[in-house]
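Undergrad: take a look and give me a structure for this.
(one chain, ligands or ions: 2)
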Amino acid sequence: MRPTRREFLLHVLATAAACGDNNSAGDSSTTDANTTTDDPTTGDTPTTGEPVLAYPFTLGVASGDPLPDSVILWTRLAPEPLVVGGGMPGSVRVTWEVYVDENLTTVVASGELDTDPALAHAVHVEVRGLDPDRWYTYRFHAAGHSSPIGSTRTTPALTAKPAGMRFATACCQDYSDGYPTPYLHMVDQQLDLVIFLGDYIYENDDTHVRSHGTPEPRTLDEYRARHALYRTQPELQAVHARCPWVFLWDDHEVENNYVGANPKQPDPDFLARRAAAYRAYYEHTPLRLPPPTGPDYQTYHALRWGDLAEFWLVDTRQYRDDQNCGGDPGSGCDGWQDYAGQVLGAEQEAWLMQGMKASPAVWKVLTNQIVFSTVSFGGLFVNFDQWDGYPLARQRLLDFFAAEALSNVVILSGDLHVGGVADLGQDAVDDDSPVIAAEIVTTSISSPSLDDASQIGPLVEGLKRIHHFDAVSRGYALHTLTRAQWQVDCVIVDTVAEPASAGKIDATLHIDAGVPGIRPA
Ligand code: FE
Ligand code: CA
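TA: Residues are numbered from 1 along each chain as shown. Ligands and ions are numbered 1, 2, ... in the order given. This is a model prediction of the structure:
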């Protein structure tokens, strides 16, 4: 049996808290789990005769990009995570084990490697030969220390017909705007997967609740320190250790509202900055990819869950044409409705269409960063960074869904720091066109939206396609899929200005398989 979520969270929090400064076994402030050397649940078990290195697993562990027979395990050795070099003396030998049980008695895979200073001592282990649709436990060891214990799982076989699955979507976790308290609630869920929809770090600083403490990153070392700061948060570490994640990036992993090679602040070296940002992103993320070697990095890919669901995890930043009309939201410029700019780029768009057309999955899930629904209020207020700003590219996808008669298409998005659930019509700007798909917009973990929804609320309520809208809350979305139904629970918390706060399900909506759009309440 897996430990309860509470037990697991408490263990991870205790381990992370105890490991930030030292590994003193006699420190009376640490939990008893950290004072014994033979307890397999202990996060730190120094032994004698090993090289002297302070506790290096300060950034926790993670897993990602699961397949039926494989998963990526991740950690990064950094005794001093916020300083250049991470406090590492040089390359260090890391060993790892994967167990079939929670008690760490039966090893099914293990290995060792030497960390590479050129990759910030990040560790990506591609574990192969695992059984499909199965949970595993893993941990790392280095210099006499042991990492926190993570649990992960493989996906069902491609030929399997799973009865259901459960995953969460999250995005937009600006450190300077609050604590990632929604994760304290997410960790209690029985999740097969977390999908992160972008804005894992923020390069800019709002200093609403706290400060990043360092200037805006531009170099590789600066982006590493920024990622490390986020990764030191125990709430985030706990959910990473709980189940595999898959990732999209958005703009703030590099710079607010950048697209392609276009920065938003003038920068002749922007591609060098993008390369540094992409590299640090790789180093802190359990990606099933080699590290990037320059400013280009193809991260888009698909994830299958037997024949129940297929997720296309697209990149709407790297291949996109520049925002129209100067980019700032507003009433637009002449001819904005006819802008032919690309969002996915021709190659990725063809890959997506080919994949969706061929997919046997019950649920076909376009997993992207930016909001797809028409929310331009008749052109009065157009956000040119969203699909609203790329009308022809959006309509081309809707035409494709309709022409291929694709059933059960759901678009997942984030970015706007609001929660929303909507029908998608065949014609993006004709509210009377037939419903052919649905969109679920996940609100932010901590990044702000409006303090006061009294003005926008009535405007959005006037939009026929929108079934749920929350302009003010922080949280995440919980998705429970069966072959007959998709249930989304919008989870919100009271505040992110405090390290912990109460959470609740604010709205629950359904999509019935075979019936396009949101089931009316
Ligand atoms: Fe954001
Ligand atoms: Ca964004």
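
Undergrad: distance check, the residue positioned nearest the centre of the chain against Ala122.
TA: Nearest to the mean C-alpha position of the chain, counting by C-alpha atoms, centre = their mean, stands Phe196 at 1.5 Å. Distance, Phe196 to Ala122, by C-beta to C-beta, to the nearest Å: 17 Å. C-beta coordinates here come from the backbone N, C-alpha and C atoms, glycine included.

Undergrad: which non-adjacent residue is nearest His212?
TA: Taking C-beta to C-beta, 6 or more residues apart in numbering as the measure, His212 lies nearest to Asp205, with 5.0 Å between them; neighbours along the chain are not counted.

Undergrad: before we move on, the earlier item: next, the contact list for the residue nearest to the centre of the chain, please.
TA: 169-171, 245-248 (C-beta atoms under 8 Å, 6 or more residues apart in numbering).

Undergrad: where does the closest residue to ligand 2 within the stretch 301-450 of the chain sit: helix, strand or coil?
TA: Nearest to ligand 2, among the residues of the stretch 301-450 of the chain, is Asp415, at 4.3 Å (C-beta to the ion). Secondary structure, DSSP: H, G, I helix; E, B strand; the rest coil: Asp415 is coil.

Undergrad: surely it touches Asn368?
TA: No - applying C-beta atoms under 8 Å, one finds Asp415 not in contact with Asn368, separated by 9.1 Å.

Undergrad: quick one: common contacting residues for these two?
TA: Leu197.

Undergrad: ligand 2 contacts on the stretch 351-500 of the chain?
TA: Contact residues, the stretch 351-500 of the chain versus ligand 2 (C-beta under 5 Å from the ion): Asp415.

Undergrad: rerun at 8 Å
TA: When proximity is defined as C-beta under 8 Å from the ion, the stretch 351-500 of the chain approaches ligand 2 at 369-370, 385, 414-415.

Undergrad: now do the helices in the stretch 301-450 of the chain.
TA: Counting by DSSP state H, counting those that start in this stretch, residue ranges of the helices within the stretch 301-450 of the chain are 346-358, 391-403.

Undergrad: who are the packing partners of the first one?
TA: The elements that helix 346-358 packs onto, with contact taken as 3 or more C-beta pairs under 8 Å, 6 or more residues apart in numbering; DSSP states H and E, are strand 309-313, strand 363-367, helix 391-403.

Undergrad: run through who's touching that helix.
TA: 300, 302, 310, 312, 314-315, 319, 342, 344, 364, 366, 393, 396-397, 400-401, 404, 406, 409.

Undergrad: in the stretch 201-350 of the chain, which residue sits closest to ligand 1?
TA: His252 (5.8 Å).

Undergrad: burial of the residue in the stretch 301-450 of the chain positioned nearest to ligand 1, as a residue count?
TA: Of all residues in the stretch 301-450 of the chain, the one sitting closest to ligand 1 is Ser447 (4.7 Å; C-beta to the ion). Number of residues near Ser447 (other C-beta atoms under 10 Å) recorded here: 25.

Undergrad: what's it in contact with, if anything?
TA: Applying C-beta under 8 Å, 6+ apart, the residues contacting Ser447 are 172-174, 177, 199, 202, 417.

Undergrad: same thing with Ala228?
TA: 59, 76, 78, 81-82, 86, 284.

Undergrad: related to what we said a few turns ago, quick check, pLDDT for the residue lying closest to the residue nearest to the centre of the chain once chain neighbours are set aside.
TA: Residue nearest to Phe196 in three dimensions, not counting chain neighbours: Phe247, with 4.9 Å by C-beta to C-beta, 6+ apart. What the model reports for Phe247 is a pLDDT of 98.

Undergrad: got it, and Asn23?
TA: In this model, Asn23 carries a pLDDT of 31.

Undergrad: on that earlier part again, separation between the residue of the stretch 301-450 of the chain closest to ligand 2 and Val441?
TA: 8 Å.

Undergrad: ok, the contacts of Ala228 vs ligand 1, which is closest?
TA: His284 (17.5 Å).

Undergrad: what stretches of this protein score poorly on pLDDT?
TA: Within the chain, the ranges that satisfy pLDDT under 70 run 1-51.

Undergrad: is ligand 1 contacted by stretch 473-489?
TA: No - Stretch 473-489 is not in contact with ligand 1 by C-beta under 8 Å from the ion; minimum separation 11.6 Å.

Undergrad: can you pull the buried residues of that stretch?
TA: 473-482, 486-489 (16 or more other C-beta atoms under 10 Å).

Undergrad: okay if I get the contacts of Ala228 as TSV plus secondary structure and neighbour count?
TA: Converted to TSV, the contacts of Ala228 look like this (DSSP: H, G, I helix; E, B strand; the rest coil; neighbours: other C-beta atoms under 10 Å):
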residue	secondary structure	neighbour count
Leu59	coil	28
Arg76	strand	27
Ala78	coil	26
Pro81	coil	21
Leu82	coil	16
Gly86	coil	24
His284	coil	24
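
Undergrad: save the helices and strands packed on helix 346-358 as JSON lines, and put in distance to Pro295 and mean neighbour count too.
TA: Formatted as JSON lines, the helices and strands packed on helix 346-358 follow (distance: least, C-beta to C-beta, whole Å; neighbours: other C-beta atoms under 10 Å):
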{"stretch": "strand 309-313", "distance to Pro295": "20", "mean neighbour count": "23"}
{"stretch": "strand 363-367", "distance to Pro295": "24", "mean neighbour count": "23"}
{"stretch": "helix 391-403", "distance to Pro295": "23", "mean neighbour count": "17"}
